[in-house]
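Dropping the sequence and predicted coords here.
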Amino acid sequence: ERTIGVPYPYARYSQIAVAEFIFGGMENTSATTQTDRVLHDERAHLDYSADYLDSHELAHQWFGDLVTCRDWAHAWLNEGFATYFEAVWLEADKGWDEYLYDVYEVVQRYLDEDDERYRRPIVCNIYRDPIELFDRHLYEKGAAVLHMLRGQLGWSRMQRSLTRYVRSNAERNVETIDLIRAIEAETGHNLRGFFAQWVERGGHPLIDVSYAWDGERKTALVTVAQKQKIDDENPAYAFDLVAGFVAEAPASIGADSGEGPLPGETRVRLRVDRAPQTFAVALEREPALVRVDPAAWILSAW
């Protein structure tokens, strides 16, 4: 409720554990059906938690029940959101590091499917049976796109956009354009190009970053290459890449430091829209540490 900005929409919420249930969970309105593997004692809980499933299915009460996709092609509006809210719950419960590690695992599962099985856009209406769409593109890549959206908008503006999206479309069927319009109305940002690139197009960039210091000019040179196939049908990806230059390396790795800069870190946003590109960043002295995309905002392979 705090994150979405819309109260839980139903009078009650039940969780029904079923033996030999064929899925992990099913978000029936106000009454989730789920596997009985969620039932375990405190000793088992040391090694296994069902919080990921509980948070996923509860998020569906908003994204899937109160607001649901108009057709299967846009089912990421159900499953991508629920998968992302697993990470959102982890951040609230255990901190930024757990959130970011969950995002990392989500991205790796999507990359495995893209590399080993097939590639498709998230929004796709080509299938023999709808269940074919319920894959790692729909769940994991959808969640990764929402993480990117957070980086694009900032968490506060993203939360306000989600509030408008849910309130405006409560008890209605939606398509991806409805989310885009809610963001535009709330923030003034036109993100149609963002969604066209990440949701309506298959694949992702393969990024290679190199760094050099020009002592004579006191300039950091950052070269960003995209190693994936680039041609007329597959143009280079366009995105803002955050680079941080830390004057003095920290003595130790900080826990839950969040998405912001480290002490003494100079942050710049590099607008990448072709490959390769070299950026020159003037600094007072050579940095002890260079961080590229420290919050992992960009969905990519490295």
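Happy to help now that I have it.

helix/strand/coil for the residue lying closest to I183 once chain neighbours are set aside?
Closest residue to I183 apart from its sequence neighbours, by C-beta to C-beta, 6 or more residues apart in numbering: S161 at 4.5 Å. For glycine as for every other residue, the C-beta is placed from the backbone atoms N, C-alpha and C. Three-state call for S161 (DSSP: H, G, I helix; E, B strand; the rest coil): helix.

Which residues are in contact with S161?
L153, A182, I183, E186, T187 (C-beta atoms under 8 Å, 6 or more residues apart in numbering).

which of those sit farthest apart?
Across the contacts of S161, the longest distance by C-beta to C-beta is 11.6 Å; it joins L153 and A182.

Tell me which stretches of this structure form helices.
Using DSSP state H, the helices assigned to the chain run over residues 42-45, 51-59, 76-94, 96-116, 142-153, 155-169, 176-187, 192-198.

what's in contact with the fourth one?
Put plainly, it is helix 96-116. Identification of contacts with helix 96-116 by C-beta under 8 Å, 6+ apart yields 83, 86-88, 90-91, 135-137, 140-141, 143-144, 147, 203-204, 255-259, 295-296, 299, 301.

Would you mark the buried spots in stretch 77-93?
Within stretch 77-93, the residues scored as buried using 16 or more other C-beta atoms under 10 Å are 77-91.

and of those residues, the nearest to R192?
Using C-beta to C-beta, the buried residues of stretch 77-93 come closest to R192 at L77, 16.1 Å.

Now D214. Nearest residue, chain neighbours left out?
Spatial nearest neighbour of D214, excluding adjacent residues (C-beta to C-beta, 6+ apart): L221 at 5.9 Å.

May I see the helices of the chain organised as a markdown table, with distance to E233 and mean pLDDT added?
As requested, the helices of the chain are exported to a markdown table (distance: least, C-beta to C-beta, whole Å; pLDDT from 0 to 100):
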| stretch | distance to E233 | mean pLDDT |
| --- | --- | --- |
| helix 42-45 | 50 | 94 |
| helix 51-59 | 36 | 97 |
| helix 76-94 | 23 | 98 |
| helix 96-116 | 17 | 98 |
| helix 142-153 | 22 | 98 |
| helix 155-169 | 32 | 98 |
| helix 176-187 | 22 | 98 |
| helix 192-198 | 14 | 98 |
